[in-house]
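> Provided below are the primary sequence and the corresponding predicted coordinates.
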Amino acid sequence: DAGVIQSPRHEVTEMGQEVTLRCKPISGHDYLFWYRQTMMRGLELLIYFNNNVPIDDSGMPEDRFSAKMPNASFSTLKIQPSEPRDSAVYFCASSFAQGARQPQHFGDGTRLSIL
Amino acid sequence: AQSVAQPEDQVNVAEGNPLTVKCTYSVSGNPYLFWYVQYPNRGLQFLLKYITGDNLVKGSYGFEAEFNKSQTSFHLKKPSALVSDSALYFCAVRDMSGNNRLAFGKGNQVVVIP
């Protein structure tokens, strides 16, 4: 049973470059979440979708960050232009409808390093 | 807004001894509470949850947690720790207001000493 799949697992790029992170949620899940994890700030919710529609993007740090969910099986998080302070591990998670009672299932993350 | 506190940065325990990881929460109304574990270079994995009913909930890998409404706590416990339990543990809470966000604690590093 496939879990949440994220790609790439690791990304190293120079500042100013565009970065695109990808996520395939678990089939049948209606909610999709993007998180960022750093030592300083811990786990932060960036944005989440319900049925492909963004519900709450208040955690997106600034306009350089954008997220899309064109269909139920794919989402992207884009950073343009990237900066060294964006270096972190980015996680995608998904859950069923009636998600308040259901746990979120996390992918293994993308470790992003901006030089 | 809901929040979670995990007061200890690191919990050290000898293999075979009982393990406790503490969590207190703040939320309007009745909470939905979750524990997750994170191993190195992996995503968070769900361990157990409290929604309603029995205050003692059992989860994966022999873990259990006790919901205490008067103390607003949801401590994670394991009777006999294994070296393989060494990981980062997160407590999380969601309130019942319809907001589907989870508030995570900062995490506790558990080190089980052989």
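Great, that's in hand.

> so who does the residue positioned nearest the centre of chain A touch?
Chain A has A:W34 as the residue nearest its centroid, 3.1 Å off, counting by CA atoms, centre = their mean. Listed by CB atoms under 8 Å, 6 or more residues apart in numbering or on different chains, the contact partners of A:W34 are A:C23, A:L45, A:L46, A:I47, A:Y48, A:A67, A:S75, A:L77, A:Y90, A:F91, A:C92. Where you see a C-beta, it was placed from the backbone N, CA and C, and this is true even at glycine.

> So which of the residues you listed sit within strands?
A:C23, A:L45, A:L46, A:I47, A:Y48, A:A67, A:S75, A:L77, A:Y90, A:F91, A:C92 (DSSP state E).

> Looking at strand pairing, list the partners for the last one.
Okay, so that is A:C92. A:W34 (DSSP bridges).

> cool, and A:L77?
A:L21, A:A67.

> likewise B:S26?
Beta-bridge partners, per DSSP bridges, of B:S26: B:S3.

> So what's the residue count around the closest residue to chain B within chain A?
As assessed by CB to the nearest CB, chain B sits closest to A:F106 within chain A, at 3.3 Å. When neighbours are defined as other CB atoms under 10 Å in any protein chain shown, A:F106 has 23 of them.

> Just give the nearest non-adjacent residue to residue 18, would you?
With no chain named, the answer covers chain A. With sequence-adjacent residues excluded and distances taken as CB to CB, 6 or more residues apart in numbering or on different chains, A:E18 is closest to A:Q80, at 4.2 Å.

> Chain B, not that one
The shortest distance from B:P18 to any non-neighbouring residue, by CB to CB, 6+ apart, is to B:P79 (5.6 Å).

> for chain A, what are the nearby residues on chain B?
When proximity is defined by CB under 8 Å from any CB of the partner chain, chain B lies next to chain A at B:32, B:34, B:36, B:41-46, B:49, B:51, B:90, B:94, B:96, B:98, B:100-102, B:104-107.

> Assign A:R85 to helix, strand or coil.
In three-state terms, and counting by DSSP: H, G, I helix; E, B strand; the rest coil, A:R85 is helix.

> Which positions in stretch A:89-98 come out as buried?
With burial defined by 16 or more other CB atoms under 10 Å in any protein chain shown, the residues of stretch A:89-98 counted as buried are A:V89, A:Y90, A:F91, A:C92, A:A93, A:S94, A:S95.

> Quickly check those for the two that are furthest apart.
The largest distance within these, taken as CB to CB, falls between A:V89 and A:S95 and amounts to 19.7 Å.

> Check B:K78 and give its pLDDT.
Looking at B:K78, its pLDDT is 97.

> I am finished for the moment; much appreciated.
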